[in-house]
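**Student:** coordinates only, sequence not included:
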DNA sequence: AAATTTAGAACAAACGTTTGTGCAATTATA
DNA sequence: TATAATTGCACAAACGTTTGTTCTAAATTT
């Protein structure tokens, strides 16, 4: 099955030289080891002719360096992660690294085994967008001293560098916008609980209320996943409540899609019947039935920074100080928020 | 930097045994090589305690098998490819393989070097969604005898198994639907020319016309990329023509997004002013300003079948007959096609 | 002419596995 | 009791690199 590629040995014997000489020439160490110009050219020509390509397995084994980085992601089909994956792969490639990819399916157990797999394959470093609920397996990996950076989701009490959006500020801005447009009973559909993006966004939601001295109705903070189904179900329930919220703050793009589905099923219109603002801008956001006001993240930048941070760590061979990097978000105003008058609690009371 | 993991050697010397014995026990060959129950248990316990994990680099070097498959994709941020990537990764993982991912950015040169990289890393097989314009580098890879399968895009004259949608039939159905609704001047916005999905779809477009004895206006077949920008530009131009088409057949989801952008910029409405049908169904398709009628592909199945085909090839160690697999598409009717009366050529003539 | 330096390359170990074969001690067979 | 078979494991090569060290012959110096 396998073709027998040329190896250093085969080339060396063909030329009547030793393996080490060939290796040295190919690694540009001819002068340092006093290989004559003639043999150098001989070797260069032969390797070119035979199209020699070094076996990276053997190389990695010897060098303890594979030029490969492991990337664990909770859902590659989520366009948010897909676009980040794109920039991670691209920056890594530019710097001479390949990507070993695993999709953890938002499942800590898969994440754990995937990471183990990657360590066995001797990746030089890890970029992880962790599921974010469990941290013990990450702690043991930290102890191996392998360079790593967390992406999107982080653990405040864990000494690992991370890069993520300023989710707190983004959520604060979003909910402020809602409030400034007169909304006071605002639902928040959460993603996976106890993950950092979710926590930070919900905290932003709460603090926006506090700043405006608005009552926080805990029953309006619902949901437990970043997926579409969660958005659908929770919206269905929200629309059945005695007091229907006038606006929804949706914590992810997929949640929003589910919410839109529920809203249109109930025969309601955005923003006339209910307003909405959603985390994650997407190419299609502006073309939705009612163009969605969103809080956009800098997806490509997140991926690039994380990758460069990691590779810097790998190549400098030093542990960088494990600070987090928060990238600002940006609100893109479209048509999904209705300006309403304040005839709410006070007016009704 | 690196922690010194336990190796077969370190374990063997700790136990006063030889490396080979430890290796055989761990590979379940104790009985075959007459290792006593006691030493077996001794070794098993030690490896458990030390959390021994075999170095896959060394293993791969020795075994000439890495349990890794290379996956080259033109654009991981395109949701079509992202969803396929998800299913490829998942099926591969289930069968014990990891994915080495490269994004070729629709660039043959990057594709070429990425493939070379993967060969050097000794992947066991390749799944390629080729850019599709150049084939020479693929031919040389075929000669190495490494198992491979093409995905989405294929080369009719190349002896490589592939799996793709029945793009011809899908396009035929799509354009037929347009024609049945009374449209006779239908534009086709193409993707990357001379790639198989594009060719097959355009051929479907043509044949639908031929079957209905409709004139094919070559000036209505425009475009040259699967991206959003192409959709935007070509639609802008189409809407400036003397005779504006009554419908657009868009060959990809991104093209459609661009087309929608242009149409709305011109102040036109779908489907009242212009009808549309688009290849690729997306979660958001139903929520667009006017829910889009699409031809859906079986993304997940495409990925699964390709992966299983490849791994079967790898593990059976035989070349499978290089047949192509075409998966049927399905039209999802929504609201983007207007039924119009036949007051076209004949009526005007 | 003898001793020393230098040029040019080979040798060999190591990275961590897997696996064919060899070898001593024990047990079974004749 | 001598021989044969079996048990239980060790030895060593191989996979394809990289790299510290050594070796030989020629050139230079004394």
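**Tutor:** Yep, that arrived. Computed from a predicted structure; not experimentally measured.
**Student:** separation between residue A:280 and residue A:194?
**Tutor:** The gap separating residue A:280 from residue A:194 is 20 Å, by CB to CB, to the nearest Å. Yep, even glycine has a C-beta here, placed from its N, CA and C like the rest.
**Student:** Which one's more surrounded, the two?
**Tutor:** Comparing residue A:280 with residue A:194 by other CB atoms under 10 Å in any protein chain shown, the one with more neighbours is residue A:280, at 25 against 9.
**Student:** neighbours of residue A:315, just the number please.
**Tutor:** Counted with other CB under 10 Å, residues neighbouring residue A:315 total 14.
**Student:** Which secondary structure element of chain A has the lowest mean pLDDT?
**Tutor:** helix A:345-348 (a mean of 48; mean pLDDT, DSSP states H and E).
**Student:** residues in the stretch 1-150 of chain A within reach of DNA strand D, list them.
**Tutor:** A:4-5, A:7-9, A:19-20, A:23-24, A:26-27, A:29, A:33, A:52-55, A:58-59, A:61-63 (CB under 7 Å from any atom of the strand).
**Student:** Among those, name the buried ones.
**Tutor:** Taking 16 or more other CB atoms under 10 Å in any protein chain shown as the criterion, what is buried in these is A:5, A:7-8, A:23-24, A:26, A:52, A:55, A:58-59, A:61.
**Student:** any chance of those residues in JSON lines, plus pLDDT?
**Tutor:** Shown next, in JSON lines, are these (pLDDT from 0 to 100):
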{"residue": "A:5", "pLDDT": "87"}
{"residue": "A:7", "pLDDT": "96"}
{"residue": "A:8", "pLDDT": "97"}
{"residue": "A:23", "pLDDT": "97"}
{"residue": "A:24", "pLDDT": "97"}
{"residue": "A:26", "pLDDT": "97"}
{"residue": "A:52", "pLDDT": "97"}
{"residue": "A:55", "pLDDT": "98"}
{"residue": "A:58", "pLDDT": "98"}
{"residue": "A:59", "pLDDT": "98"}
{"residue": "A:61", "pLDDT": "98"}
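**Student:** List the contacts of the residue of the stretch 151-300 of chain A found nearest DNA strand D.
**Tutor:** Distance from DNA strand D to each residue of the stretch 151-300 of chain A (CB to the nearest atom of the strand) is smallest for residue A:161, at 28.2 Å. Residue A:161 makes contact with A:149-150, A:309, A:313, A:320-325, according to CB atoms under 8 Å, 6 or more residues apart in numbering or on different chains.
**Student:** Give me the subset of these that lies in strands.
**Tutor:** The strands, defined by DSSP state E, take in A:149-150, A:324-325 from the contacts of residue A:161.
**Student:** Give me the lowest-pLDDT entry from these.
**Tutor:** Checking pLDDT across the ones in strands among the contacts of residue A:161, the minimum falls on residue A:324 at 94.
**Student:** before we move on, back to that, and DNA strand C, which of the residues of the stretch 1-150 of chain A next to DNA strand D contact it?
**Tutor:** A:19-20, A:33, A:58, A:61-62.
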